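**Q** Here is a sequence with its predicted model. Questions after.
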Amino acid sequence: MPFSVGEKRTLDCQHGYEYRKRQKLTGVRNRLQGTRKIGCHAHIVCKQYILYPDYAIPKKETFHVKRKERLMKEDGLKQLRKDLEFCYDKVKTLIKYHISLPTEEAHHKTHPTRGSHVMAQRVNPQITQKIAELVQEGMTNPQEVRKALNNYVRTVLCIENPPDPDDRAYFPAYRDLKNHIYKAKRAMELSKFDQHNLNKKISEWKTSYPDSRHFFRPYISLLTETKLKEGTSQGDETDEADCNEFEQSLMWVHQTRWQKDMLSKYGNTMTLIDATYKTTLYDLALFFITVRTNTGYTVAAEFIIQTETSKQIEEALNILKSWNPNWSPTYFMSDYSEAEILGVESAFPGTQVYLCDFHREQSWGRWVQDHKHGLTKGDADSLLDLLRNCANAPPPPVHDDKQQDYHYQEALANLKASKVWKENKNVREWLTNTWLSISKV
């Protein structure tokens with residue numbers, strides 16, 4: 001029966017050869033963990049064979065028949081090649097796999113093959129829970145946590161049948177232990193202990209800087225009136241909460257006396273709102289209210305909210321408005337965030353919001369450089385030039401009332417007539433749904 005060899009795959013032992021040698025990098029902290037490669041010869045070989053049963057030739061014994069059989073094989077192979085080339089879908093195939101497994105002696109020459117230390121294991125859920133309890137008690141040093149876990153396993157969890165010391169389910173490796181400690185610390189975010197410490201810190205700031213303003217509202221989930229009275233103290237401007245059960249989001253607003261003066265002096269023409277991400281340990285949105293002074297840009301206020309929604313941004317801006325009654329900016333600048341834009345427009349009706357050129361260019365550059373959108377470097381550069389022409393279109397003459405947007409419309413027409421617009425569907429959908437829908441002239 002004719003056949004062909006398909007794929008072939010060789011799987012080496014995890015303790016096999018180190019084909020990619022590690023290079024020592026100068027000026028960079030080297031990894032302390034060594035390699036597990038020790039040159040084991042054992043490996044698994046898997047081969048795929050594709051058989052063609054319709055082209056099989058019956059086997060005969062006599063000399064003359066064998067010669068005839070050889071000729072039939074040659075004709076059959078010619079016909080098979082022809083069918084595979086012109087009508088591959090109609091050829092019946094049978095796929096078989098041949099797997100060659102190593103002997104146990106192949107492993108024994110370099111490393112043992114039995115015991116719990118030869119396999120990767122998940123940490124036991126009871127051990128994970130114990131690590132979280134130790135972290136909550138303030139124990140975060142991996143060495144101390146390991147000693148406490150060893151004592152817990154032998155004296156509480158497994159008194160009668162203590163596990164093997166190499167069992168990673170009960171005695172996790174140092175790296176796994178550090179990872180679980182980190183997860184336990186992250187799980188304590190927004191806990192009542194952290195919020196209580198922040199509230200105490202704010203009280204210290206108020207004593208040290210009496211001219212500064214603070215508004216702090218802790219996160220509360222489904223509280224009753226009794227728990228609310230026992231729980232937290234809010235900022236100076238905080239009203240008494242309702243006695244009904246509710247969920248309260250975290251918010252902190254801060255402004256010093258000097259920042260208040262800067263906002264009053266420079267904030268009525270143009271004010272900037274900028275959000276920072278991944279700059280703190282906690283997954284919270286940190287916003288800066290910035291103004292341009294005669295010497296550069298400076299922060300005039302800052303606030304932290306639990307979730308980046310337009311409602312919470314509007315609430316924080318209204319608190320700042322109550323502290324600064326004369327603050328009424330003509331223009332606001334932000335990045336392309338619907339929550340920020342809606343929050344600003346709700347807090348300051350009539351204020352015109354502009355998009356920041358830096359964030360706009362950053363967003364465009366990241367999109368065109370993403371390979372999944374199918375743009376070459378030439379197409380990306382051409383598209384960026386066309387977009388900049390639209391963004392930087394000069395204003396039309398004031399006296400020309402009939403064609404108020406002809407400069408922008410001309411740049412937009414050039415964009416839609418370009419090759420990259422016509423040939424790339426992703427470009428058309430992205431610009432139509434994301435950017436052209438919010439353009440204002």
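**A** Great, that's in hand.

**Q** Please, where are all the helices along the stretch 151-300 of the chain?
**A** 174-187, 192-208, 225-231, 257-266 (DSSP state H, counting those that start in this stretch).

**Q** Contact partners for Y170?
**A** Taking C-beta atoms under 8 Å, 6 or more residues apart in numbering, we find Y170 in contact with N124, I127, V153, L157, C158, P163. (Each C-beta comes from the backbone N, C-alpha and C, glycine too.)

**Q** how much space between the closest residue in space to it that isn't next to it in sequence and N179?
**A** Nearest residue to Y170 in three dimensions, chain neighbours excluded: P163, at 4.5 Å (C-beta to C-beta, 6 or more residues apart in numbering). Distance from P163 to N179, counting by C-beta to C-beta, to the nearest Å: 20 Å.

**Q** Also C390?
**A** Using C-beta to C-beta, C390 is found at 48 Å from N179.

**Q** would you list every one of the strands in the stretch 201-350 of the chain?
**A** Here the stretch 201-350 of the chain has its strands, by DSSP state E, counting those that start in this stretch, at 213-217, 220-221, 247-248, 251-255, 270-276, 285-292, 297-305, 331-334.

**Q** Pull up the pairing partners for the last one, direction included.
**A** When you say that, I think you mean strand 331-334. With DSSP bridges as the test, strand 331-334 is paired with strand 270-276 (parallel), strand 352-355 (parallel).

**Q** right, and out of the contacts of Y170, which lies closest to T290?
**A** Lowest distance from T290 to the contacts of Y170 (C-beta to C-beta) belongs to I127, with 47.9 Å.

**Q** what's the angle between the strand or helix carrying the closest one and helix 192-208?
**A** Taking DSSP states H and E as the criterion, I127 maps to helix 125-136. Angle, helix 125-136 to helix 192-208, by axes from the mean of the first three to the mean of the last three C-alpha atoms, to 10 degrees: 10 degrees.

**Q** does G6 really touch K96, like I thought?
**A** No: between G6 and K96 there is no contact under C-beta atoms under 8 Å: 9.7 Å.

**Q** shared neighbours, these two?
**A** Listed as contacting both G6 and K96 by C-beta under 8 Å, 6+ apart are Q48, Y49.

**Q** Then R146 would be within a helix, right?
**A** Yes: using DSSP: H, G, I helix; E, B strand; the rest coil, the assignment for R146 is a helix.

**Q** can you pull the contacts of it?
**A** Contacts of R146 (C-beta under 8 Å, 6+ apart): Y174, L177.

**Q** Report the separation between it and G138.
**A** Distance of R146 to G138, computed by C-beta to C-beta: 16 Å.

**Q** again with R217
**A** Distance from R217 to G138, by C-beta to C-beta: 27 Å.

**Q** cool, and D274?
**A** 36 Å.

**Q** quick one: which of these two has more around it?
**A** When D274 and G138 are compared on other C-beta atoms under 10 Å, the one with more neighbours turns out to be D274, at 19 against 7.

**Q** list the contacts for that one?
**A** Applying C-beta under 8 Å, 6+ apart, the residues near D274 are F287, F288, T290, S334, D335, C356.

**Q** Next: L80.
**A** Counting by C-beta under 8 Å, 6+ apart, L80 touches P2, Y52, Y55, V91.

**Q** Quick check, pLDDT for G267.
**A** At G267, the model reports a pLDDT of 90.

**Q** so the closest residue to it other than its chain neighbours bridges to which residues?
**A** The shortest distance from G267 to any residue other than its chain neighbours is 4.7 Å, reached at V291 (C-beta to C-beta, 6+ apart). Beta bridges link V291 to T271, T298, judged by DSSP bridges.

**Q** okay, now V291: neighbour count?
**A** 22.

**Q** Check S346 too.
**A** Using other C-beta under 10 Å: S346 sits among 15 other residues.

**Q** Could you find the closest non-adjacent residue to it?
**A** E314 (4.5 Å).

**Q** pLDDT at the one you found, what is it?
**A** Predicted confidence (pLDDT) for E314: 93.

**Q** and if you look at E240?
**A** pLDDT, E240: 34.

**Q** Can you add distance to P325 and mean neighbour count and give the helices of the stretch 151-300 of the chain back as CSV?
**A** Supplementary listing: the helices of the stretch 151-300 of the chain in CSV, determined by distance: least, C-beta to C-beta, whole Å; neighbours: other C-beta atoms under 10 Å:
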stretch, distance to P325, mean neighbour count
helix 174-187, 41, 15
helix 192-208, 22, 13
helix 225-231, 30, 13
helix 257-266, 10, 17
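
**Q** In TSV, list those along with distance to N424.
**A** Formatted as TSV, the helices of the stretch 151-300 of the chain follow (distance: least, C-beta to C-beta, whole Å):
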stretch	distance to N424
helix 174-187	41
helix 192-208	48
helix 225-231	56
helix 257-266	43
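
**Q** Compare the mean pLDDT across the ones you listed and name the weakest.
**A** helix 225-231 - the lowest mean pLDDT of the helices of the stretch 151-300 of the chain, at a mean of 43.

**Q** Would you mind giving the domain segments of the protein?
**A** 3-20+36-108, 116-187, 192-355, 358-438 (automatic domain parsing).

**Q** Give me the contacts around stretch 377-396.
**A** With C-beta under 8 Å, 6+ apart, stretch 377-396 has contacts from 357, 360, 364-365, 368-369, 375, 403-408, 410-412, 414-415, 418-420, 424, 427, 431, 435, 439.

**Q** Please list only the buried members of the residues you listed.
**A** The neighbour-count criterion (16 or more other C-beta atoms under 10 Å) marks 360, 364, 368, 375, 407-408, 411-412, 415, 418, 420, 424, 427, 431, 435 among the contacts of stretch 377-396 as buried.

**Q** thinking again about what came up before, mean pLDDT lowest where, among the strands of the stretch 201-350 of the chain?
**A** Least confidently modelled of the strands of the stretch 201-350 of the chain is strand 220-221, at a mean of 70 by mean pLDDT.

**Q** separation between the residue nearest to H373 when sequence neighbours are not counted and L436?
**A** Spatial nearest neighbour of H373, excluding adjacent residues (C-beta to C-beta, 6+ apart): N426 at 4.8 Å. Counting by C-beta to C-beta, the separation of N426 from L436 is 14 Å.
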